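**Q** Sharing a model prediction with you, sequence too.
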Amino acid sequence: MHAFDVLGDPVRRRILELLAGGEQSSGDVTAVVRAEFGISQPAVSQHLRVLRENGFTTVRAEGARRLYSVDPGPLREIDGWLDQYRRFWTGPLDALATEIARGRRERRKAAED
């Protein structure tokens, strides 16, 4: 499965967002995803399996619990692929930062006067 196929699903993206904060049990992930998306526990397990089988997460056993975490490898590959397109937004973002700084300077100056 292609990385963008994996990440194209909003449930899987949400799971990765949850795991970006640190390792979590499958039960904790399932509770949040079920509440937000209204899907069954087996459906959440299927999404976790897709992420694991495609290298986006790792899982380790701790007794009866399964603890999931993000594996950054595939995300680095996506980031590398995106490098060829970064030029399309880097310049405009730099220009936006300049305008924000200019606005702050003008507000400070106006407050001093």
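**A** Perfect, thanks for sending it.

**Q** all contacts plus neighbour counts: C-alpha atoms, from now on.
**A** Noted.

**Q** Grab the most central residue of the protein for me.
**A** Taking C-alpha atoms, centre = their mean, the centroid of the chain lies closest to E17, which sits 4.2 Å from it.

**Q** report the longest helix in the protein, please.
**A** Among the segments of the chain that qualify as a helix by DSSP state H, the longest is helix 87-112.

**Q** Just give me how far that one sits from the chain centre.
**A** In terms of C-alpha atoms, centre = their mean, to the nearest Å, the centre of helix 87-112 is found 27 Å from the chain centre.

**Q** Now do the buried residues in that helix.
**A** Buried residues in helix 87-112, counting neighbours by 16 or more other C-alpha atoms under 10 Å, are absent.

**Q** on that earlier part again, ok, now how distant is the residue nearest to the centre of the chain from V32?
**A** 11 Å (C-alpha to C-alpha, to the nearest Å).

**Q** now G91
**A** 37 Å.

**Q** Quick check: which ranges of this structure have low pLDDT?
**A** Under the criterion pLDDT under 70, the flagged ranges of the chain are 1.

**Q** Strands of that one, residue ranges please.
**A** For the chain, applying DSSP state E gives strands covering 24-25, 57-62, 65-70.

**Q** Tell me who's in contact with the closest residue to S69 other than its chain neighbours.
**A** Spatially, and ignoring its direct neighbours in sequence, S69 is nearest to E23 (4.5 Å; C-alpha to C-alpha, 6 or more residues apart in numbering). For E23, the contacting residues are 67-70, by C-alpha atoms under 8 Å, 6 or more residues apart in numbering.

**Q** ok, back up a step: please identify the deepest-packed of the strands of the chain.
**A** Comparing the strands of the chain by mean neighbour count (mean count of other C-alpha atoms under 10 Å), strand 65-70 ranks first with a mean of 19.
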